[in-house]
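sequence plus predicted model, see below.
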Amino acid sequence: MRAAAPDAAVFVRFSGTDAADGGWDIDDTVRAAERVAAAGADLVDISSGGLVPHQSIQPGPGYQVPLAEKVRRETGILVAAVGMIDDAHLAESVVAEGRADAVLSAREWLRDPHYALRAAVELGADLPAPAQYLRAY
Ligand SMILES: Cc1cc2nc3c(=O)[nH]c(=O)nc-3n(C[C@H](O)[C@H](O)[C@H](O)COP(=O)(O)O)c2cc1C
């Protein structure tokens, strides 16, 4: 991919842990992230998924941030956090506290396509709204 798209930003998604004995774990992800960064990836984002019945995952706001934080701390490469980070203040704190370099959200955009505008207002950001949104902003 790096060779085919030399100017594009390449993000690589990892399922950071299987959260199950005998499975892939976050230390495996740290080592794999180092390898994709060495191969030219610009950023890794750290999620996790369901694979086996005996896994143990407790979803909640920001529940996967510790995975991203560990990869960032141990590799120094750019890292994004994902997973139930659907509150503007939580997203802001994850980046401001240096736990991740970026936050990627998904389902909140399905609930509210204007999430970015709402988050900007909630955070008091002085963003120039698109002209057609100015009065709503
Ligand atoms: C039902 C469901 C299953 C998912 N399965 C996986 C998965 O297997 N592996 C993975 O890396 N991310 C998985 N994700 C995470 C999504 O790819 C995406 O990162 C996540 O939805 C972003 O978090 P948010 O939607 O809470 O903002 C899953 C998400 C949902 C809702």
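Everything's here; your move. What you see is a predicted model; the values in this text were computed from it and never measured.

closest residue of the protein to the ligand?
residue 49 (2.2 Å; CB to the nearest ligand atom). For glycine as for every other residue, the C-beta is placed from the backbone atoms N, C-alpha and C.

and the residue nearest to the spatial centre of the chain, which of the three is it?
Nearest to the mean C-alpha position of the chain, by CA atoms, centre = their mean, lies residue 81 at 2.4 Å. Secondary structure state of residue 81, per DSSP: H, G, I helix; E, B strand; the rest coil, is strand.

gap between it and residue 93?
Distance from residue 81 to residue 93, counting by CB to CB, to the nearest Å: 11 Å.

now swap in residue 86 and tell me
13 Å.

okay, the two: which has more neighbours?
Per other CB atoms under 10 Å, whichever of residue 86 and residue 93 has more neighbours is residue 86, with 19 against 15.

in the strand or helix carrying residue 116, what's buried?
Per DSSP states H and E: residue 116 is located in helix 115-122. Neighbour-count burial for helix 115-122, counted by 16 or more other CB atoms under 10 Å, picks out 115, 116, 117, 119, 120.
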